[in-house]
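> got a sequence here, can you build the structure:
(2 chains)
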Amino acid sequence: MAKQVEEKTAPPVETITIKIDGKAVEVPKTMPDPMTGKPIPTTMIQACKIAGVEIPHYCYHPKLPVAGNCRMCLVEFGMPAMGRDRKPILNEDGTPQVRKMTLPYEPGTPRGAIACATPIAPGMEIYPNSPATQQMREAVLESLLVNHPLDCPICDQAGECKLQEYSVEHGQATSQFAETKVHKPKQVDLGPRIMLDDERCVLCSRCVRFSRDIAGDDALGFVNRGSYNTLTTFPGKPFDNNYTLNTVDLCPVGALTSKDFRFKMRVWFLKETKSVCTSCATGCNITIGSREEKIYRYEPRENDAVNSSWMCDAGRLNYKWVGDKRRLSAPRKNNRSGISWSQLIEELATHLRAAAPNTTAVIASGRQTTEEFYLLSKLATHLAAETDVPPRKGESDQLLVHADKNPNSNGAKLVGFHKGKQGSKLDAIAGRIKRGQIKHLIVFGEDVTTMGIDEKALSKLELLVASDILPNTTTRKATYLLPGCAHAEKRGSFVNAKSRLQRFLKAVEAPGEAIPESEFLTDLVEQVTGESIPKNPEGLFNKMAGEIKKLSAIRWADLGDLGVDVNS
Amino acid sequence: MIVQRKALSWWERLYIPALLSGFRVTLRHFFKKKVTMQYPEERWVVPEGYRGAPYLVKDQDERTKCVSCQLCEFVCPPKAIKITPPGPTVNHSTGNVEKEPADFEINMLRCIFCGYCQEVCPEEAIFLQKDYSLTGESREEMIYHKDKLLDLGGVHQDGIKKWEKKLKDAEAQGMTS
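Presented below is the predicted three-dimensional model:
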């Protein structure tokens, strides 16, 4: 009877109390399976994480199925002793007696359990820092290093290598092995983006499980036995799905390396900036690694609401245009440099103030930030201008890649810059330019000559304003050219396909005199409309949020690292 | 406090005896062994273990020992070292070492001869050698690049030759690539 009452009043999540390092911790009895989401018994490693105790591990990964083959997470543990009557044996003070697990044939030797695959049980005690646990870790590390080449000076993983970290933290300085190391293939060309060094591999099988269970391409496997156990692809089949580079992140050692990043920069020099991928509307969270104003790599950043811990290879490698030599770096008038920013904005504002209503069109790329769309929509409303966002469609897949290649289509909708179907007004704008009804065209981040507004039409305009990052036909024809910034060079926010508002921060400086679009747009909108707008990105965002109903409760600081859902 | 100035005696006021005692000291040194030298034509021979300018070395097989790990660049207190890593292109000339710097610059105007680079180097590729007086006509000239550093550094008699040993072990096991 008492039990039934307890069940009714118990919280929806059933919990178990265990002791970790002598401290009692209450943890959920079950946790969702990383693959199916179904509740499965909580493991020791998950319980320890909840308690704030880090258990060293290689093969375990919270987003992958458990393999339990590296043995690094071995811990000593104890269970309540049971009598012959299947009742717990009690101490003299009435508490249950806990017995440390020992080997059955050698009762003095502690018997560890792998924390990643052992479910917790009521009354269990885990000793993550006991001498026995430490000894087990030393032994595991020693055996992992038996055939390891120890070529850290040339290994790209050095600095973020779990084998290095755990060797320092839990390993020992010497090894008992005097034998010649087993040599395995090096510089193995696994696929177009991956190079494998089999000697460094610790056989954790994270890459195998990721490819099979997450990417859906069962491409990797182990061949041979014992010390000759080797990671490989099927003969003749390259490892070339669109998610291969995630295995480089997953690899705890330097076995799988990115051909793109290989031998380019040591990781400890890289400044890490939280950002968002701009290659499609999914908006994967990324970390930009840069040094001395040069971007070296993108890495996925964990966000379970968007991209889990992964990103596609195409998005990851799409950073080279940021440091392109052809970047527009100075404001230009009639394709001549020498004009200053302040003079340009003043002249442009004079033009636009004199423009008759309904004679302007604003075409802005879906790659502009939400703040820029907000400022452009202010300008468009003031000039009673036509607006459009050209569509950018591509292939999609089941995992992360979205068919909409504009990272901020929903941002344009959210701030009311362009609500209808993308590209629906382009033909109308082209026609009205040809008929001489539209005399002023403002283009942001697109080449309109590829969208039905050809050079002949552009010559009919009184004023063509273009802002872009790289040169194209439109920027060459522009009366005023305003060089802008890549997302990595400014702060701002995007709204992804699932209406999640996410912010990104500045990683590198823009080339030359290029400044963030929101900066010069603020000045322009102020001079054209007379409205005062904050100059800093936070102030601008907060003003924008205050004017849009769906954002009214959100401030820049609220966006945090993971963004905010603005759907509801 | 007022210090009373002592009046000079007649002998002291004479001045000549003081002058003569000075000449005596000079004359004594005139016949001793010379300790100065005609710098810069004549130069001091620095002792073994002297820590002068850092240069890169090759091993006895003419292999550039540096593998571009960039630890010296990281540890260098005045940020005098700048290394350009080789990048992803596979360089077959480096053999099983895989990596060699594309360029290695030491700004000798910045270098303070502290020896951290030598201490941190895992490959014994950089040593503080005996040059202590470096001059040049421009700042650019004082930035020593890889080729100059290797020329000045000379050969290090490597007693371990770990990469050669690795290669031999691998070849003995049938791993040739």
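> any idea how many residues pack against the residue nearest to A:Trp341 when sequence neighbours are not counted?
Nearest residue to A:Trp341 in three dimensions, chain neighbours excluded: A:Pro331, at 5.7 Å (C-beta to C-beta, 6 or more residues apart in numbering or on different chains). Yep, even glycine has a C-beta here, placed from its N, CA and C like the rest. Using other C-beta atoms under 10 Å in any protein chain shown, A:Pro331 is surrounded by 24 other residues.
> is it true that A:Pro331 touches A:Ala478?
No. Under the criterion of C-beta atoms under 8 Å, A:Pro331 makes no contact with A:Ala478, lying 10.4 Å away.
> pretty sure B:Cys114 is touching B:Pro77, no?
Yes. B:Cys114 is within contact range of B:Pro77, at 6.2 Å (criterion: C-beta under 8 Å).
> so which of these two has more stuff around it?
B:Cys114 (16 against 11).
> name the helix or strand for that one, please.
Assessed by DSSP states H and E, B:Cys114 sits outside every helix and strand.
> what sits against it?
By C-beta atoms under 8 Å, 6 or more residues apart in numbering or on different chains, the residues touching B:Cys114 are B:Pro77.
> again, 10 Å this time
B:Cys114 makes contact with B:51, B:54, B:75-78, B:80, B:128, according to C-beta atoms under 10 Å, 6 or more residues apart in numbering or on different chains.
> quick one, phi/psi of it?
phi -80, psi -30 (degrees, to the nearest 10).
> send the alpha carbons of stretch A:420-439 over as PDB?
Backbone C-alpha positions of stretch A:420-439 (Å, rounded to 0.1, in the frame of the first residue of the first chain) are rendered in PDB as follows:
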ATOM      1  CA  GLY A 420       6.200  36.400 -50.300                       C
ATOM      2  CA  LYS A 421       7.900  33.700 -52.300                       C
ATOM      3  CA  GLN A 422      11.600  34.300 -52.900                       C
ATOM      4  CA  GLY A 423      12.300  35.600 -56.300                       C
ATOM      5  CA  SER A 424       8.700  36.200 -57.200                       C
ATOM      6  CA  LYS A 425       9.200  39.900 -57.800                       C
ATOM      7  CA  LEU A 426      12.400  39.700 -59.800                       C
ATOM      8  CA  ASP A 427      10.700  39.600 -63.200                       C
ATOM      9  CA  ALA A 428       8.500  42.500 -62.300                       C
ATOM     10  CA  ILE A 429      11.400  44.500 -61.100                       C
ATOM     11  CA  ALA A 430      13.300  43.800 -64.300                       C
ATOM     12  CA  GLY A 431      10.300  44.900 -66.400                       C
ATOM     13  CA  ARG A 432       9.800  48.100 -64.400                       C
ATOM     14  CA  ILE A 433      13.500  48.900 -64.800                       C
ATOM     15  CA  LYS A 434      13.300  48.400 -68.600                       C
ATOM     16  CA  ARG A 435      10.200  50.600 -68.700                       C
ATOM     17  CA  GLY A 436      12.000  53.300 -66.700                       C
ATOM     18  CA  GLN A 437       9.700  53.100 -63.700                       C
ATOM     19  CA  ILE A 438      12.400  52.000 -61.300                       C
ATOM     20  CA  LYS A 439      15.300  54.400 -61.400                       C
END
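> give the buried residues for that stretch.
Neighbour-count burial for stretch A:420-439 flags A:422-423, A:425-426, A:429-430, A:432-433, A:438-439 (criterion: 16 or more other C-beta atoms under 10 Å in any protein chain shown).
> wait, which of the residues you listed is closest to chain B?
The closest of the buried residues of stretch A:420-439 to chain B turns out to be A:Gln422 (C-beta to the nearest C-beta; 37.6 Å).
> find residues that contact each of A:Pro331 and A:Ala478.
Common neighbours of A:Pro331 and A:Ala478 (C-beta under 10 Å, 6+ apart) are A:Ser467.
> A:Val448 contacts A:Thr473, doesn't it?
Yes. At 8.5 Å, A:Val448 counts as touching A:Thr473 under the criterion of C-beta atoms under 10 Å.
> in ChimeraX, how would I select the buried members of the contacts of B:Cys114?
The ChimeraX command for the buried members of the contacts of B:Cys114 (criterion: 16+ other C-beta under 10 Å) is given here:
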select /B:54,76,80,128
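> list the contacts of the spatially closest residue to A:Leu383 that is not a sequence neighbour.
Nearest non-adjacent residue to A:Leu383, counting by C-beta to C-beta, 6+ apart: A:Thr360, 4.4 Å away. Residues in contact with A:Thr360 (C-beta under 10 Å, 6+ apart) are A:352, A:379-380, A:382-387, A:438-442, A:463, A:465.
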